[in-house]
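Student: From the sequence below, what's the structure:
(chains A, B, C and D)
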Protein chains: 4
Amino acid sequence: MDKFTDLHKRILEFRESRDWKQFHTPENLSKSIVIEAGELLENFQWGDEYKSEDVIDELADIMIYSILLADSLGVDAIKIMEEKIQRNEKRFPVDRVKGNSGKHTRVEIND
Amino acid sequence: MDKFTDLHKRILEFRESRDWKQFHTPENLSKSIVIEAGELLENFQWGDEYKSEDVIDELADIMIYSILLADSLGVDAIKIMEEKIQRNEKRFPVDRVKGNSGKHTRVEIND
Amino acid sequence: MDKFTDLHKRILEFRESRDWKQFHTPENLSKSIVIEAGELLENFQWGDEYKSEDVIDELADIMIYSILLADSLGVDAIKIMEEKIQRNEKRFPVDRVKGNSGKHTRVEIND
Amino acid sequence: MDKFTDLHKRILEFRESRDWKQFHTPENLSKSIVIEAGELLENFQWGDEYKSEDVIDELADIMIYSILLADSLGVDAIKIMEEKIQRNEKRFPVDRVKGNSGKHTRVEIND
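Tutor: Have a look, this model is predicted:
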């Protein structure tokens, strides 16, 4: 089994053995991601000096909740990222956005 | 190559071909995750009815930025999740937290 | 002096006596508001039972940082709210939105 | 009537005439504040250049939702800020924190 599948299984087992699925609605998981994202940002509140260990700890929380949210939506986490990157490759054509942050150079497409 | 490694490679290539690494400091990526998390939550602003497609779109953004943040910190995304789950297995012992949301039942450990 | 003016003065004096203005760029204050907003939401992470005292504590932080941000932008906090309400009165006409949450009923105007 | 009381009245009337109080639970308003805070931060996503007008627009949204949240909790917005500043004056004594961002210098008190 590859590493991601292994991790995914372990995360779901962690939840199942604690009987926490009942709390993990898409809404509650979305709130949880926002809350952890705020804690991540706290590392940069007054500037860009940070303790790697603390940043990594919050980042791991966000990714674990994200995997749980994908599960609660019944979608494959890897697949939805692949599809999004594919859309982004169209929205942000290299010849148009190279070297510019994407904000003002996005190509609006309907897909 | 397994699926996650493949995706990871594609995300970094997407960035490299656009020359966007210069914008992707840990701080800017952390801000980006918070911003996308707010957009995710917008799907649940007035209640729990949501359009799956919109939720999935924001979730994918959060996960992609998370992978980029792990890269900018020089850490392996899968590994930091594994280590966090391991810590959580200790912080939330099954016999203590089963069936309760973790908030009030966390075991404070120093690790 | 009215109550808001009095409070506003006290908040600025609190900052001045601690020499904290140097940290209060619009960006840092915006990050601070997001961080406190995440802490506010934590009270509702797993449902709608909350401790008033904790919610009030976070709300006060958000409002104080908001007043400091208005100050750092050189604008009058009361005035920008008045102007926003005026815009909202146009964007959300009573006969169109009454009894519906605004999301799908907003009138797009250019002003 | 002073300016804040006048504004407060206008905000509540705006809501009442649209029959929106039904959507404004403390939880939904907290989510709304987080969502708007994310939009505020978007102005600083890739750096500290910003358009004042856009920042002001989001800030006004946050403050208006904050006033509505205070109302839904049955508390006086001005009073809870006064009480918080009073607590902060104790938590962050001038002689201890002057010129340092508060993060590492907070005095933990139980009050």
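Student: residue of chain A with the smallest distance to chain C?
Tutor: A:G38 (2.2 Å; Cβ to the nearest Cβ). Yep, even glycine has a C-beta here, placed from its N, CA and C like the rest.
Student: For that residue, give me the pLDDT.
Tutor: Listed pLDDT for A:G38 reads 98.
Student: for chain A, longest helix please?
Tutor: Counting by DSSP state H, the longest helix found in chain A is helix A:52-73.
Student: measure A:N100 to A:F92 for me?
Tutor: Taking Cβ to Cβ, to the nearest Å as the measure, A:N100 falls 9 Å from A:F92.
Student: mind checking which helix or strand the residue lying farthest from the centre of chain A is in?
Tutor: Farthest-out residue of chain A from its mean C-alpha position, per Cα atoms, centre = their mean: A:D95, at 27.5 Å. Using DSSP states H and E, A:D95 sits within helix A:94-97.
Student: how far does that helix sit from the chain's center?
Tutor: From the chain centre to the centre of helix A:94-97 is a distance of 25 Å (Cα atoms, centre = their mean, to the nearest Å).
Student: Are it and chain B in contact anywhere?
Tutor: Yes - looking at helix A:94-97 against chain B by Cβ under 8 Å from any Cβ of the partner chain, the contacts come from A:94, A:97.
Student: Is there proximity between that helix and chain D?
Tutor: No - counting by Cβ under 8 Å from any Cβ, chain D is not contacted by helix A:94-97; separation bottoms out at 12.6 Å.
Student: Return the set of buried residues in the longest helix of chain A.
Tutor: A:55-73 (16 or more other Cβ atoms under 10 Å in any protein chain shown).
Student: Do I have it right that A:S52 meets B:A70?
Tutor: No - taking contacts as Cβ atoms under 8 Å, A:S52 lies outside contact range of B:A70: 11.2 Å.
Student: Buried residues, the helix or strand bottoming out on mean pLDDT in chain A. List them.
Tutor: Across the helices and strands of chain A, mean pLDDT, DSSP states H and E gives its lowest value to helix A:94-97, namely a mean of 93. Buried residues in helix A:94-97, counted by 16+ other Cβ under 10 Å: A:V97.
Student: try stretch A:70-85
Tutor: Residues of stretch A:70-85 classed as buried: A:70-73, A:75, A:77-78, A:80-82, A:84-85 (neighbour count, 16+ other Cβ under 10 Å).
Student: how far is it from where the chain is centred?
Tutor: Relative to its chain's centre, stretch A:70-85 lies at 10 Å (Cα atoms, centre = their mean).
Student: With stretch A:25-36 instead?
Tutor: Relative to its chain's centre, stretch A:25-36 lies at 11 Å (Cα atoms, centre = their mean).
Student: now swap in stretch A:17-31 and tell me
Tutor: The chain centroid and the centroid of stretch A:17-31 are separated by 16 Å under Cα atoms, centre = their mean.
Student: ok, now stretch A:7-20?
Tutor: Averaging C-alpha positions (Cα atoms, centre = their mean) puts stretch A:7-20 18 Å from its chain's average.
Student: pLDDT of that stretch, averaged?
Tutor: For stretch A:7-20, mean pLDDT is 97.
Student: and that stretch, C-alpha only, in CSV?
Tutor: Output in CSV follows, covering the C-alpha atoms of stretch A:7-20 (Å, rounded to 0.1, in the frame of the first residue of the first chain):
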residue,chain,number,x,y,z
LEU,A,7,-2.1,7.5,6.3
HIS,A,8,-5.7,7.9,5.1
LYS,A,9,-6.6,4.6,6.6
ARG,A,10,-4.9,5.4,9.9
ILE,A,11,-6.8,8.8,10.1
LEU,A,12,-10.1,7.1,9.6
GLU,A,13,-9.3,4.4,12.2
PHE,A,14,-8.3,7.1,14.7
ARG,A,15,-11.7,8.6,14.2
GLU,A,16,-13.6,5.4,14.2
SER,A,17,-12.1,4.0,17.4
ARG,A,18,-13.1,7.3,19.2
ASP,A,19,-16.6,7.3,17.7
TRP,A,20,-16.1,10.9,16.5
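Student: Tell me the buried residues in that stretch?
Tutor: Buried residues in stretch A:7-20, counted by 16+ other Cβ under 10 Å: A:7-8, A:11, A:14-15, A:18, A:20.
Student: Quick check: of those residues, which lies closest to chain D?
Tutor: A:W20 (20.1 Å).
Student: Thanks again, I'm all set now.
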